[in-house]
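**Q** any chance you could fold what I've pasted below:
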Amino acid sequence: MEDTFYEICVESELDEKWSEYFSPLKIKSREDETMLSGYLPDQSALYGILIKIRDMGLPLISVKPLSIKNKDVS
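**A** Purely as a prediction, here's the structure:
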C-alpha cells in the first residue's frame, strides 16, 4: 500500500481545535488561509477530507499531492 502526502489549502483560519476532525492531517493557519497537510492512505480518505471541507463551507484554494510513501505489507 502507498500513502500520499497532501497539502490542502482552504480560505479560512482554523485553529487547533479542528485537529481531531481533520486527523490524520496537521493544521497550520496563517492570516486568512489554513494548510492541512499529511499522509492519506488512498483516494477515499482524500475525498472524505474534501467532503468535510465542503460541509463546513470552506472555500478550497488548492489540493497538492507531493510524495508517496511506500509501506511494507508483510
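
**Q** which other helices and strands contact the worst-scoring helix or strand of the chain on mean pLDDT?
**A** When each helix and strand of the chain is scored by mean pLDDT, DSSP states H and E, strand 60-70 comes last, with a mean of 86. If you count contacts as 3 or more C-beta pairs under 8 Å, 6 or more residues apart in numbering; DSSP states H and E, strand 60-70 packs onto strand 2-11, helix 43-55. For every residue, glycine as well, the C-beta is placed using N, CA and C.

**Q** what does it rub up against?
**A** The contact list for strand 60-70 (C-beta atoms under 8 Å, 6 or more residues apart in numbering) reads 2-11, 33, 39, 46, 50, 53-54.

**Q** among these, which two are most distant?
**A** Maximum pairwise distance among the contacts of strand 60-70 (C-beta to C-beta): 29.6 Å, between 2 and 11.

**Q** pull out the buried members of the contacts of strand 60-70.
**A** Buried members of the contacts of strand 60-70, counted by 16 or more other C-beta atoms under 10 Å: 3-4, 6, 8-10, 33, 39, 46, 53.

**Q** in JSON lines: the residues you listed, plus pLDDT and distance to residue 16.
**A** Shown next, in JSON lines, are the buried ones among the contacts of strand 60-70 (pLDDT from 0 to 100; distance: C-beta to C-beta, whole Å):
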{"residue": "3", "pLDDT": "90", "distance to residue 16": "23"}
{"residue": "4", "pLDDT": "93", "distance to residue 16": "24"}
{"residue": "6", "pLDDT": "96", "distance to residue 16": "19"}
{"residue": "8", "pLDDT": "97", "distance to residue 16": "17"}
{"residue": "9", "pLDDT": "97", "distance to residue 16": "17"}
{"residue": "10", "pLDDT": "97", "distance to residue 16": "15"}
{"residue": "33", "pLDDT": "95", "distance to residue 16": "16"}
{"residue": "39", "pLDDT": "95", "distance to residue 16": "19"}
{"residue": "46", "pLDDT": "96", "distance to residue 16": "22"}
{"residue": "53", "pLDDT": "97", "distance to residue 16": "17"}
